[in-house]
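[1] below are the sequence and a predicted model; questions follow.
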Amino acid sequence: MTTIEKDSRKLELEGKRALVTGGTRGIGAAVVRQLLDAGAEVLTTARSATDTAPEGASFVTADVRTRAGAQAVAAAAHKVLGGVDVLVHNAGGGQPHQGALAIPDEVWQDALDLNFLASVRLDSLLAPGMRERRSGVIVHVSSAAVPPTPPPFLHYTAAKAALENYSRGLAAELAPFGIRVNTVSPGRTATPGGEATREQWARLDSEPGQATNTPPLGREGRPDDIAHAVLFLASDRTSWLTASNLVVDGGEFPRG
């Protein structure tokens, strides 16, 4: 590949305006950096005002779990970027909780608000602008663990399963307007703050009768592994790809 070809690929999102939720650490920060490197102007979010965005990105403090938070993010996107061409829903998570029937209502609601409804609310605010321009890309970040739904993460994976179903439906609705909607589903990824989740997976792996969930490729994922997939879906290289789910998990959770 020539230097010119490399530079062309590096700036494949030049002139694009991107919003990434939860982009100050881990996977989100890696996504922000790669979008910036590809030439996009990027705004990202976090719940804490003490968080910092990767260098070169704009930042707004908001809790996307709430309607008011989603409205604040949408307003910032219009003010800072003048609109959104690429929308990446990365904010998500949840702590392990033993016993599906013992999960309190508030834990279920928080899982749904963060991992599902945050995307629905923000899409409803920003996708109409894409529809008017008849172009845009939406990427929802789900989880490779959705089909097995281990009990400690059932509230989390149930919310992500809803997100995947919604993403496919939204893709069909927005396709006539030139808007692509896809999902990325990461497997176990080494991220700051994910120690409790990784410890729970390790306990599951060691239980008698449990299949060992070590990824066949022999390692945990890295944030950049997932960010590469997001950039791929955000770029014109996938201009004929919508309603798809790209699983990036080292082969850990094969889907039929």
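    That came in fine, so what should we check first? Predicted model, so just to flag it, every value in this text is computed and none were measured. Residues are numbered from 1 along each chain as shown.

[2] strands along the stretch 101-250 of the chain, start to end?
    Using DSSP state E, counting those that start in this stretch, the strands found in the stretch 101-250 of the chain span residues 136-141, 179-186, 245-248.

[3] three-state assignment of the closest residue in space to residue 60 that isn't next to it in sequence?
    Residue nearest to residue 60 in three dimensions, not counting chain neighbours: residue 76, with 4.0 Å by CB to CB, 6 or more residues apart in numbering. For the C-beta atoms, the positions are set from N, CA and C on the backbone; glycine is no exception. Judged by DSSP: H, G, I helix; E, B strand; the rest coil, the three-state class of residue 76 is helix.

[4] hmm, residue 59 and residue 76 touching each other?
    No. Using CB atoms under 8 Å, residue 76 is not in contact with residue 59; the gap is 9.0 Å.

[5] quick check: neighbours shared by the two?
    Common contacts of residue 76 and residue 59 (CB atoms under 8 Å, 6 or more residues apart in numbering): residue 43.

[6] ok so, going back, go through the strands of the stretch 101-250 of the chain and name the closest to residue 163.
    In terms of CB to CB, the element of the strands of the stretch 101-250 of the chain nearest to residue 163 is strand 136-141, at 5.5 Å.

[7] tell me which other helices or strands the closest one touches.
    Strand 136-141 sits against strand 86-89, helix 118-133, helix 154-174, strand 179-186, helix 223-234, with contacts defined as 3 or more CB pairs under 8 Å, 6 or more residues apart in numbering; DSSP states H and E.

[8] at 6 Å what do you get?
    strand 86-89, strand 179-186, helix 223-234 (3 or more CB pairs under 6 Å, 6 or more residues apart in numbering; DSSP states H and E).

[9] what's that strand in contact with?
    85-90, 119, 130, 163, 167, 179-184, 230, 233-234 (CB atoms under 6 Å, 6 or more residues apart in numbering).

[10] rerun that using 7 Å as the cut-off
    Identification of contacts with strand 136-141 by CB atoms under 7 Å, 6 or more residues apart in numbering yields 85-90, 92, 119, 123, 127, 130, 163, 167, 179-184, 186, 230, 233-234.

[11] for residue 189, see how far away residue 232 is.
    16 Å (CB to CB, to the nearest Å).

[12] of those two, give the one with the bigger neighbour count.
    Higher neighbour count among residue 232 and residue 189: residue 189, with 22 against 17, using other CB atoms under 10 Å.

[13] what sits against that one?
    27, 220-223, 226.

[14] now swap in residue 249 and tell me
    Residues counted as contacts of residue 249 (CB under 7 Å, 6+ apart) are 144, 186-187, 215, 221.

[15] cool, and residue 15?
    Residue 15 touches nothing, counting by CB under 7 Å, 6+ apart.

[16] mind redoing it with 8 Å?
    Residue 15 touches residue 39, counting by CB under 8 Å, 6+ apart.

[17] now residue 142
    160, 163-164, 167, 183-185, 245.

[18] quick one: it and residue 156, what's the gap?
    Using CB to CB, residue 142 is found at 10 Å from residue 156.

[19] poorly predicted segments of the stretch 151-256 of the chain, please.
    Within the stretch 151-256 of the chain, the segments meeting pLDDT under 70 span 193-213, 256.

[20] same thing but at 90, please
    For the stretch 151-256 of the chain, applying pLDDT under 90 flags the ranges 151-153, 188, 190-220, 251-256.

[21] rewinding a little: distance of the residue nearest to residue 60 relative to residue 19?
    Counting by CB to CB, the gap from residue 76 to residue 19 is 9 Å.
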